[in-house]
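**Q** Pasting a predicted model and its sequence here:
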Amino acid sequence: MKKLIFEGAGVALVTPFKGEYSEQVDYDKLDELIEFQIDNRVDCIVICATTGEAATMPDEEHLAVAEHTVKAVHGRIPVIVGTGSNDTVHAIKLSRRAEKMGADAILTVTPYYNKTTQEGLYRHFSAIAESIDIPVLLYNVPGRTNLNIDPKTYERLCSIPNINGMKECNMAQMLEIKRRCGDELNIYTGDDDQAFYTAVAGGHGVISVLANFDPGYVHDMVMSIKQGDLAKGLKMQIDCLEIVRALFCEVNPMPVKEAMNLLGMNVGKCRMPLCDVSPEHRELIRNELVKFGAIK
């Protein structure tokens, strides 16, 4: 069995911005968010990934935010740095920098736009893993990349020692991955509404959007299931379904940033082309925050 990077709730942390066009990272706010997460029992921080808007961050800014986070966390919990790219050489460059700054692991997404074949995926991920020594989490999110990692490809990749696991967003194939790879890949879901199924199927947690403002809830939900209290875990999963749906009513991370701002966390706006949610969805998010108990 490959060593776990974390078990429970990993937060897909937003990047707080300031300025008219969100052109500056708000590092003071980032520090607040990191301390909030640790104080509220998050198990891992995932920085500079999809929810962190890495797609609009130039390399030096991307790496500066990641390094700032690693230093601020100071070993208290694991930090996973997003280093994905549709260019293998670029992904290797980012991954090596993440390792050098002290990241505990990297998260690397399937190539997008140019995409590739399953053989290309195997070569892409193999090259990245072989360029570093720290653990690698593969990120499979067909809804964004229009490319899926086939279970047979996972089976080939799991023989590489530092390919540690995956953030899987294609639930239809999770059991087949488990059948083929056993304990040679640690399974995490990237969907908050799939935490129950993932944990029951032998997965180890969720890389969560909801955890941005309620990490303790997500931690307790996953750990209840892992510790055998399925009834509690199932109830918690059902109880958060509507707020999770609201957090994905528009393109992530637009709704979660709206939610955090409504809660007074003041994380700023998204970078364009992401924009404000519609007034109707803003009201939906507010109403679901009230129902969930986040707004009293």
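**A** Thanks, I have the structure now.

**Q** any idea which helix or strand comes after the lowest-mean-pLDDT helix or strand in the chain?
**A** Least confident helix or strand, the chain: helix 142-145 with a mean of 92, by mean pLDDT, DSSP states H and E. Using DSSP states H and E, the helix or strand that follows helix 142-145 in sequence is helix 151-157.

**Q** So which bits of that following helix are buried?
**A** Buried positions in helix 151-157, judged by neighbour count with 16 or more other Cβ atoms under 10 Å: 151, 153-157. Quick note: C-beta positions are derived from backbone N, CA and C, even for glycine.

**Q** Who are the packing partners of that helix?
**A** helix 118-130, helix 174-181 (3 or more Cβ pairs under 8 Å, 6 or more residues apart in numbering; DSSP states H and E).

**Q** Recalculate using a threshold of 10 Å.
**A** Judged by 3 or more Cβ pairs under 10 Å, 6 or more residues apart in numbering; DSSP states H and E, helix 151-157 is in contact with helix 118-130, strand 136-140, strand 163-168, helix 174-181.

**Q** who touches the last one?
**A** Applying Cβ atoms under 10 Å, 6 or more residues apart in numbering, the set of residues contacting helix 174-181 from outside is 2, 140, 149-159, 163, 165-166, 168, 170, 173, 185, 187, 189, 194, 197-198, 201-203.

**Q** Give me the angle between it and strand 163-168.
**A** Helix 174-181 and strand 163-168 meet at an angle of 170 degrees, taking axes from the mean of the first three to the mean of the last three Cα atoms, to 10 degrees as the criterion.

**Q** One more: the longest one?
**A** With the same axes, to 10 degrees as the criterion, the two stretches helix 118-130 and strand 163-168 enclose an angle of 130 degrees.

**Q** outside of helix 118-130, which residues touch it?
**A** The contact list for helix 118-130, computed with Cβ under 10 Å, 6+ apart, reads 83-89, 91-92, 94-96, 106, 108, 110-111, 114-117, 135-136, 138, 140, 147-150, 152-154, 156-157, 159-164.

**Q** Quick one, which of those are buried?
**A** 83-86, 88, 91-92, 94-96, 106, 108, 110-111, 135-136, 138, 140, 147-150, 153-154, 156-157, 160, 163-164.

**Q** tell me which residues of the least confident helix or strand of the chain are tucked away?
**A** Residues of helix 142-145 classed as buried by neighbour count (16+ other Cβ under 10 Å): 144-145.

**Q** what packs against that helix?
**A** Helices and strands in packing contact with helix 142-145 are not found; criterion 3+ Cβ pairs under 10 Å, 6+ apart.

**Q** For it, what is the distance to the chain centroid?
**A** Relative to the chain's own centre, helix 142-145 is displaced by 14 Å; criterion: Cα atoms, centre = their mean, to the nearest Å.

**Q** What are the contacting residues of that helix?
**A** When contacts are defined by Cβ under 10 Å, 6+ apart, helix 142-145 is touched by residues 50, 55, 84, 86, 109-113, 115, 139, 148-149, 169-170, 190-191, 251-252.

**Q** Could you report the pLDDT at residue 184?
**A** As predicted, residue 184 sits at a pLDDT of 95.

**Q** How about residue 223, nearest residue that isn't a chain neighbour?
**A** Nearest residue to residue 223, sequence neighbours excluded (Cβ to Cβ, 6 or more residues apart in numbering): residue 8, at 5.5 Å.

**Q** Can you show me the strands along the stretch 151-296 of the chain?
**A** For the stretch 151-296 of the chain, the strands defined by DSSP state E, counting those that start in this stretch occupy 163-168, 186-189, 205-208.

**Q** Pairing partners for the second one, with directions?
**A** Note on strand 186-189: by DSSP bridges, its sheet partners are strand 163-168 (parallel), strand 205-208 (parallel).

**Q** can you redo these as a markdown table with distance to residue 61 and mean pLDDT?
**A** Below are these laid out as a markdown table (distance: least, Cβ to Cβ, whole Å; pLDDT from 0 to 100):
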| stretch | distance to residue 61 | mean pLDDT |
| --- | --- | --- |
| strand 163-168 | 23 | 96 |
| strand 205-208 | 22 | 98 |
